[in-house]
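Student: Sharing a sequence plus its predicted fold:
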Amino acid sequence: MIRLTTENTTKAIERCKQLKPKVRFIQERQFAVSSANNANVYHVRFDVRNGEKLGQCECKASERGLVCYHLVAGATANIYRQSLKQIH
Ligand SMILES: [Zn+2]
């Protein structure tokens, strides 16, 4: 899995804001993100280990260890879900 940091997510956040991919909740810490360019759907999953945020996507960029906008889109939804849980 890829460690998500402020540095390596900055560009993907910009892409994500431009493309606004659709995110669907699958199960805890797993999401399906629709590609903005084609009909592909990428599954992303997240984990937290030793306080570090980790993420993995199915796309080519993620395979090479890059943070893609799918990951950022999923992470945003994940953070939102986690914050809801803390309220309730
Ligand atoms: Zn991806």
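Tutor: The structure has been received and is ready for your questions. Residues are numbered from 1 along each chain as shown.
Student: residue contacts, the closest residue to V23 other than its chain neighbours?
Tutor: Leaving aside its chain neighbours, V23 sits nearest to A77 (4.5 Å; criterion: CB to CB, 6 or more residues apart in numbering). In this view, the C-beta of every residue, glycine as well, is placed from N, C-alpha and C. By CB atoms under 8 Å, 6 or more residues apart in numbering, the residues touching A77 are V23, F25, F31.
Student: what about the residue nearest to the spatial centre of the chain, is that helix, strand or coil?
Tutor: By CA atoms, centre = their mean, the chain has its centre lying nearest to L71, at 2.3 Å. Secondary structure, DSSP: H, G, I helix; E, B strand; the rest coil: L71 is helix.
Student: hmm, back to that, want to try TSV for the contacts of A77, with neighbour count and distance to N8 as columns?
Tutor: Formatted as TSV, these follow (neighbours: other CB atoms under 10 Å; distance: CB to CB, whole Å):
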residue	neighbour count	distance to N8
V23	20	20
F25	13	24
F31	24	19
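Student: tell me which residues in whichever helix or strand K85 is part of are buried?
Tutor: Element membership of K85, judged by DSSP states H and E, is helix 69-87. Residues of helix 69-87 classed as buried by neighbour count (16 or more other CB atoms under 10 Å): Y69, H70, L71, V72, A73, G74, A75, A77, N78.
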